[in-house]
Structure formats: structure tokens, C-alpha cells
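**Q** missing the sequence, but the structure's below:
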């Protein structure tokens with residue numbers, strides 16, 4: 001099959017950049033097209049810079065905010081010992097990582113580098129002489145004594161993966177903190193053994209491990225353009241000791257230099273990543289950042305990709321201006337590099353969507369809304385086409401897996417970790433009878449796949465499912481919203497919740513809540529105006545709080561009685577050093593009623 005180039009549509013599809021530009025344009029939001037002229041210097045969308053960063057939307061009746069409650073304690077375990085400072089031996093230049101924890105296993109990761117002395121010793125790539133191997137060990141003790149598990153892998157496994165090496169450490173105890181490291185053994189006559197830095201991870205709890213009053217906390221991040229700022233958000237998460245895991249919801253790397261800030265830092269490799277070697281180079285440069293390495297060393301990751309691990313507006317059929325055989329080859333290389341560098345359990349040939357069970361307290365469904373069944377971006381007929389029942393964000397197999405899994409779950413909380421906003425984000429709403437007159441801000445998210453969203457929400461309603469929380473990244477900004485079939489139709493949603501015991505049920509038509517994490521570094525708005533906030537409040541009564549300007553992370557703490565989302569935000573990621581993030585807002589929800597209360601802590 002010959003390589004093909006995608007034709008340029010008459011009107012470019014609206015992307016997250018254009019959505020932010022629409023926000024910045026204020027009165028011109030409803031204009032058709034993708035004009036990015038409103039974006040300020042360095043890629044920021046500007047709208048009255050210097051105006052307030054946060055905006056409360058709806059009542060905020062939450063109790064006082066505090067730090068996230070700790071994860072379930074290890075039975076009889078001593079407080080965790082501090083890890084020694086990063087040594088970063090040359091053989092392991094990108095440190096260590098762990099991910100995809102289950103109750104009895106966790107994936108361990110490292111990168112084994114080739115050194116100049118290898119050739120002199122006849123060891124070849126990454127020190128692969130006769131008998132050369134990488135050993136790993138995992139222990140409950142920081143000094144790695146009395147290992148609970150250990151093993152070895154031939155160095156050719158790392159060579160075939162561009163230096164990356166993953167192992168699935170099995171047979172572990174649940175709800176337990178472990179320390180781990182890798183060792184390079186060069187074989188006879190090849191020199192001494194080199195040990196990596198020590199990392200720390202933990203397994204998930206089984207049902208019955210957690211007392212009734214236990215709480216688990218998850219960190220949530222997304223969108224980390226290397227050249228748009230420094231990874232202070234990752235450093236702040238690495239410093240926390242109360243996290244069971246960190247969810248990364250996509251745009252872990254960026255394949256292109258769209259947010260270039262040469263005064264901050266830039267990519268060594270010019271242009272876009274388009275093949276295996278250039279995608280690997282992108283990941284390698286991202287991991288030269290010590291705060292990213294610290295995060296990976298300190299907490300297990302549970303990650304999914306979005307588009308920039310591939311190309312802008314990627315989907316199975318096209319991306320980055322390519323389609324056909326050229327795109328298929330590029331996407332395969334991008335997928336391979338992702339799985340090499342991330343501590344994921346699925347292989348490139350397997351679906352990325354997967355489920356994690358957290359001690360009977362929460363079932364976490366990690367979705368792939370990008371590369372598993374997604375239809376291409378919409379063109380100028382988006383207002384009508386987005387309601388097409390055949391249009392898909394998830395493949396039929398993934399949709400069935402999700403619906404069945406939600407119904408089968410008996411946990412008080414059902415979490416969806418996914419990439420793009422599920423809540424309606426509109427410039428003008430409309431009731432169901434005239435829904436095509438509504439103006440959606442960004443059809444790249446679930447608004448562009450309205451029929452599939454309606455099927456999912458209808459399933460939640462019809463099955464009487466409760467405790468559904470949607471965790472989202474992608475849009476570079478912070479949001480707290482109630483998810484309903486149509487927030488602009490009073491027959492389907494009551495914004496105030498009044499009369500909730502009537503036809504709309506105890507949640508007033510809200511079927512889930514959505515908590516959106518801001519970006520780590522990728523640009524948002526440079527400022528907001530009251531006109532922007534007023535329009536958003538009017539068109540989106542289900543949005544209870546938002547912040548359009550600051551980077552940061554989301555921390556979600558779950559107990560049997562309440563879920564609490566905390567937005568920890570930075571004023572700027574543009575300097576090499578910065579004060580730690582501060583608590584900006586706290587959202588609370590009960591597992592029995594999908595209504596948010598939000599307290600804005602600072603602005």
C-alpha cells in the first residue's frame with residue numbers, strides 16, 4: 001500500500017489549541033474555524049492577562065480542605081525510609097520506574113545504556129558479553145536485604161527495546177510497599193557489577209485488606225510538553241508519601257515543538273518525531289528531567305496515551321497529516337516506543353484499556369479514547385455529525401468491556417481514567433428537541449461523539465450505578481463538573497439539585513461527576529475576563545468550578561463515605577525553580593449522590 005497524505009478539510013477540525021483560542025477570543029467564540037491568532041507569545045492563549053486565574057461556579061459548601069488522606073497502611077510496617085539522593089550511574093542513566101500495580105505484582109522498568117568500555121571489552125551493545133545479564137531484586141527494606149522476589153533478563157532484551165527493560169515482578173503481597181533495583185552483570189572478564197538507583201513502589205490492596213475507615217489517594221496528571229516549562233508538578237508529586245499510584249492521562253511526551261519556548265528549554269532533535277528512532281529520542285530527552293525521574297522512582301504509574309505520543313489529532317486512520325500505510329507505520333513505531341519507555345503491562349499488540357481493583361473501595365477503568373476505534377476529526381458538518389449513532393470514540397469491544405465492567409463492579413467508587421472531557425463544554429446549550437442548535441466548544445472530546453456518550457450515560461442511569469467519577473486530562477485546564485445527558489434540558493438535569501427526589505432522581509439528573517486535571521507544563525490561557533466566565537457559567541450550568549490559567553495536578557482521595565478532589569496549582573512552570581503548588585480548590589461528592597460541592601481555597 002503506498003503512502004498517502006490526508007487532504008486538508010475545508011474547515012480545520014477544532015482542536016484543544018483552537019478551543020483555548022476560542023476561550024481567549026471572548027466575543028468571537030462562536031466563529032467557525034481554527035484561528036490561532038489569539039494565542040499570545042510562546043503559545044499561550046491570551047484573554048486579558050493579569051485577570052483572576054480561578055472562578056468558582058456554583059455553591060461551594062465543602063468542609064475545610066486539608067492534605068490528602070494517606071493510602072492504606074501496610075500492616076505492621078514501619079514508616080517508609082527516605083530514599084538516598086539519586087546517583088544515576090552511567091549504566092542506568094534514566095533511573096528506574098514501576099507501574100501497573102496489582103495486588104500480587106507490579107511492572108519494574110529501567111534503561112540499560114551502552115558504554116564506551118563495552119567495545120573495548122568485547123561486550124557489544126549495552127555490555128552484552130557472553131553471560132551478561134541484568135538482574136533485579138525487590139524487597140520490603142530500603143537496603144534491599146532479604147529480597148521477596150528477584151530475577152534476571154538477558155541483555156539482548158534491553159538491546160531489542162532501545163535499551164529499555166521491563167519485568168513483571170509476581171508473587172507479591174498485597175497492599176505492601178516494596179523497594180527495588182536493577183544490577184548490570186557483564187559476565188566473565190567484563191568488569192564489575194553496577195547497581196541502579198533504588199526505587200519504591202507498592203502493590204494494590206485486595207478486598208478485605210482495608211479497614212472500613214481507610215482512604216486511598218491517587219495523583220492525576222497530563223500534558224507535559226518538555227519545551228513549555230519545567231516539571232515542578234512531577235517534583236511535587238514525588239515528594240508526597242500518601243499516594244497509592246499516579247495516573248498519567250496522556251500527552252506524556254510531545255512529538256512536535258508546538259509549544260517551543262527556547263528561553264526555557266528546547267528539544268535537541270529538530271522537527272517532529274516520525275519513526276522509531278526519533279520517538280525513542282523524544283522519550284530519552286524527556287527523561288533527562290530529574291523531577292520526572294523522581295516521580296517514576298517514587299510512585300507506581302498507571303498511564304494511558306493521548307494524541308501527542310503519536311501525532312496531533314491522532315486516531316487509528318490518520319494523524320499528523322498522514323494516513324494509509326505511512327500513518328500505520330508511524331503509529332506502530334510510536335506505540336512501540338511508548339511501551340518501551342512506560343512501565344505498562346500490555347504489549348504493543350494488546351489493547352491499552354484495562355481495569356484495576358483497589359481493595360473493594362474502587363474499581364479503576366483506564367480507557368483508550370485515542371487509538372482504539374476513534375473516528376477521524378469532524379469537519380464543517382460537526383453540529384449534526386457529532387450526533388451520528390455510528391460515530392465512535394471507543395471501539396465496540398472497548399465499549400462493551402466498559403459497560404459490562406461498570407455493571408459488574410460492586411465497589412462504592414467506579415473511576416474512569418481517560419483523556420478528553422466527557423462533560424458538555426459549550427458556548428450555547430440547547431434542549432434535546434433542538435440539540436443541533438447547541439454550539440460545542442471542542443468536538444475533539446466527547447461532545448464530538450455525543451451518541452456514544454449518551455449510550456454510556458444511559459447505561460449508568462438504567463443500571464442504577466452510583467459512585468462514577470470521570471478523571472480527565474487533555475485540555476490543560478482545571479474543571480469540576482456534573483455529568484448528565486444534557487445539562488441544558490430541564491427535563492434531564494437540575495443545576496441546583498432542587499426537587500431532586502422527583503422525576504430526575506436523587507442526583508437531579510447528574511449521573512457522574514468529572515474532575516479534570518490541568519497540564520504539567522503545556523499552555524493554557526494567560527488570563528481570564530469576567531465576560532468569559534459569565535458566558536461559561538450561563539452555557540454550562542453543570543460546571544461547578546474551573547481554573548483556566550495555572551498548571552498543576554489533581555489528587556483524588558477515596559473513602560467509603562466521600563471522594564475528595566484537590567487541585568494543587570502552580571503560578572508558573574517557566575523558571576528552573578519555583579515554590580511548590582498550593583491548594584486551589586476542593587471538590588467533594590458522596591458515592592450515593594452525583595452532586596458536587598466545591599470550595600475554592602485560593603485564587
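**A** Ah, there it is. This is a predicted model, so every value here is computed, not measured.
**Q** centre of the chain to stretch 437-455, how far?
**A** Here stretch 437-455 is found 21 Å from its chain centre; the criterion is CA atoms, centre = their mean, to the nearest Å.
**Q** what's the answer for stretch 277-290, then?
**A** The answer for stretch 277-290 is 18 Å, by CA atoms, centre = their mean.
**Q** helices and strands around whichever helix or strand residue 598 is part of, which ones?
**A** Here residue 598, judged by DSSP states H and E, is contained in strand 593-600. Packing partners of strand 593-600 (3 or more CB pairs under 8 Å, 6 or more residues apart in numbering; DSSP states H and E): strand 54-56, strand 478-483, strand 512-516, strand 543-547, strand 582-590. Any C-beta I mention is one placed from the backbone N, CA and C, and that applies to glycine too.
**Q** so which of those strands gets nearest residue 439?
**A** Nearest of the helices and strands packed on strand 593-600 to residue 439, taken as CB to CB: strand 543-547 at 15.5 Å.
**Q** average pLDDT across that closest one?
**A** Strand 543-547 carries an average pLDDT of 96.
**Q** centre of the chain to that strand, how far?
**A** Centroid displacement of strand 543-547 relative to its chain, using CA atoms, centre = their mean, is 19 Å.
**Q** now for that strand, which elements pack on it?
**A** Looks like strand 543-547 contacts strand 54-56, strand 478-483, helix 530-539, strand 582-590, strand 593-600 (3+ CB pairs under 8 Å, 6+ apart).
**Q** orientation of it relative to strand 512-516 in degrees?
**A** With axes from the mean of the first three to the mean of the last three CA atoms, to 10 degrees applied, the angle from strand 543-547 to strand 512-516 works out at 10 degrees.
**Q** name the strands paired with strand 543-547 and say parallel or antiparallel.
**A** If you go by DSSP bridges, strand 543-547 pairs up with strand 54-56 (antiparallel), strand 478-483 (antiparallel).
**Q** just give me the lowest mean pLDDT stretch among these.
**A** Ranked by mean pLDDT, the strands paired with strand 543-547 end with strand 54-56 at the bottom, a mean of 41.
**Q** what's the following helix or strand after that one?
**A** Going down the chain from strand 54-56, the next helix or strand is strand 96-99, by DSSP H and E.
**Q** doesn't residue 469 lie inside a strand?
**A** Yes - assessed by DSSP: H, G, I helix; E, B strand; the rest coil, residue 469 belongs to a strand.
**Q** and it, how many residues sit next to it?
**A** 24 (other CB atoms under 10 Å).
**Q** then residue 561?
**A** Residues near residue 561, counting by other CB under 10 Å, number 12.
**Q** residues contacting it?
**A** Counting by CB atoms under 8 Å, 6 or more residues apart in numbering, residue 561 touches 590-591.
**Q** repeat that for residue 202.
**A** Shown in contact with residue 202 (CB under 8 Å, 6+ apart): 71, 74, 101, 106, 175-178, 244-245, 300.
**Q** circling back to that earlier point, the strand holding residue 598: partners in the sheet, and parallel or antiparallel?
**A** strand 582-590 (antiparallel).
**Q** which sections of the protein are below the confidence cut-off?
**A** By pLDDT under 70, the low-scoring segments of the chain are 1-81, 119-130, 498-502, 603.
**Q** now the helices for it?
**A** Applying DSSP state H to the chain gives helices spanning 16-25, 116-120, 155-160, 232-238, 276-286, 290-298, 324-341, 382-385, 396-408, 450-462, 530-539.
**Q** can you list those in CSV and add distance to residue 309?
**A** Shown next, in CSV, are the helices of the chain (distance: least, CB to CB, whole Å):
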stretch, distance to residue 309
helix 16-25, 15
helix 116-120, 31
helix 155-160, 20
helix 232-238, 17
helix 276-286, 8
helix 290-298, 15
helix 324-341, 5
helix 382-385, 25
helix 396-408, 18
helix 450-462, 22
helix 530-539, 30
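**Q** could those helices be laid out in a markdown table, adding distance to residue 514 and mean neighbour count?
**A** Shown next, in a markdown table, are the helices of the chain (distance: least, CB to CB, whole Å; neighbours: other CB atoms under 10 Å):
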| stretch | distance to residue 514 | mean neighbour count |
| --- | --- | --- |
| helix 16-25 | 16 | 24 |
| helix 116-120 | 50 | 12 |
| helix 155-160 | 40 | 19 |
| helix 232-238 | 20 | 24 |
| helix 276-286 | 28 | 19 |
| helix 290-298 | 24 | 22 |
| helix 324-341 | 25 | 21 |
| helix 382-385 | 22 | 16 |
| helix 396-408 | 15 | 15 |
| helix 450-462 | 11 | 18 |
| helix 530-539 | 15 | 16 |
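**Q** residue 508 contacts residue 491, correct?
**A** No - using CB atoms under 8 Å, residue 508 is not in contact with residue 491; the gap is 11.6 Å.
**Q** neighbour-wise, which of those two wins?
**A** residue 508 (23 against 13).
**Q** give the contact list for residue 581.
**A** Contacts of residue 581 by CB under 8 Å, 6+ apart are 232-233, 236, 552-553, 568-570.
**Q** the closest residue to it other than its chain neighbours bridge partners, please.
**A** In space, residue 581 comes closest to residue 568 once its chain neighbours are excluded; the distance is 3.9 Å by CB to CB, 6 or more residues apart in numbering. Using DSSP bridges, the beta-bridge partners of residue 568 come out as residue 553, residue 583.
**Q** what about residue 568, neighbour count?
**A** For residue 568, the neighbour count with other CB under 10 Å is 26.
**Q** quick check: residue 467 vs residue 590, distance?
**A** 8 Å (CB to CB, to the nearest Å).
**Q** and of the contacts of residue 581, the nearest to residue 531?
**A** residue 569 (22.7 Å).
**Q** count of neighbours near that closest one?
**A** Counted by other CB under 10 Å, the residues lying close to residue 569 total 24.
**Q** just to revisit the earlier point, and the helices and strands packed on strand 543-547, which is most packed in?
**A** Ranked by mean neighbour count, the helices and strands packed on strand 543-547 are led by strand 478-483 with a mean of 28 (mean count of other CB atoms under 10 Å).
**Q** and the angle for that one with helix 530-539?
**A** Counting by the same axes, to 10 degrees, strand 478-483 points 20 degrees away from the direction of helix 530-539.
**Q** residues making contact with strand 478-483?
**A** By CB under 8 Å, 6+ apart, the residues outside strand 478-483 that reach it are 421-423, 457, 468, 470, 472, 493, 507, 510-518, 540, 542-548, 550, 552, 554, 565, 567, 569, 584-585, 587, 594-596, 598.
**Q** re the thing from before, could you dump the helices and strands packed on strand 593-600 to a markdown table with distance to residue 439?
**A** Output for the helices and strands packed on strand 593-600, formatted as a markdown table (distance: least, CB to CB, whole Å):
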| stretch | distance to residue 439 |
| --- | --- |
| strand 54-56 | 20 |
| strand 478-483 | 17 |
| strand 512-516 | 20 |
| strand 543-547 | 15 |
| strand 582-590 | 26 |
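**Q** look up how far residue 590 lies from the nearest residue to residue 262 once chain neighbours are set aside.
**A** Among residues not flanking residue 262 along the chain, residue 227 sits closest, at 8.0 Å (CB to CB, 6+ apart). Relative to residue 590, residue 227 is positioned 42 Å away (CB to CB).
**Q** go on, residue 359?
**A** Residue 359 sits 19 Å away from residue 590, going by CB to CB.
**Q** ok so, going back, residue 449 is nearest to which of the helices and strands packed on strand 543-547?
**A** The minimum distance between residue 449 and those falls on strand 478-483, with 14.1 Å, by CB to CB.
**Q** domain ranges for the protein?
**A** The chain is divided into the following domains under automatic domain parsing: 3-49+217-600, 96-202.
**Q** could you dump those domains into CSV with distance to residue 83 added?
**A** What follows is the domains of the chain, written out as CSV (distance: least, CB to CB, whole Å):
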stretch, distance to residue 83
domain 3-49+217-600, 7
domain 96-202, 6
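**Q** picking that back up, angle of the strand holding residue 598 against helix 450-462?
**A** Using the same axes, to 10 degrees: strand 593-600 against helix 450-462 is 110 degrees.
**Q** ok, the residue nearest the centre of the chain to residue 305 distance?
**A** Nearest to the mean C-alpha position of the chain, counting by CA atoms, centre = their mean, stands residue 249 at 1.3 Å. Going from residue 249 to residue 305 by CB to CB gives 9 Å.
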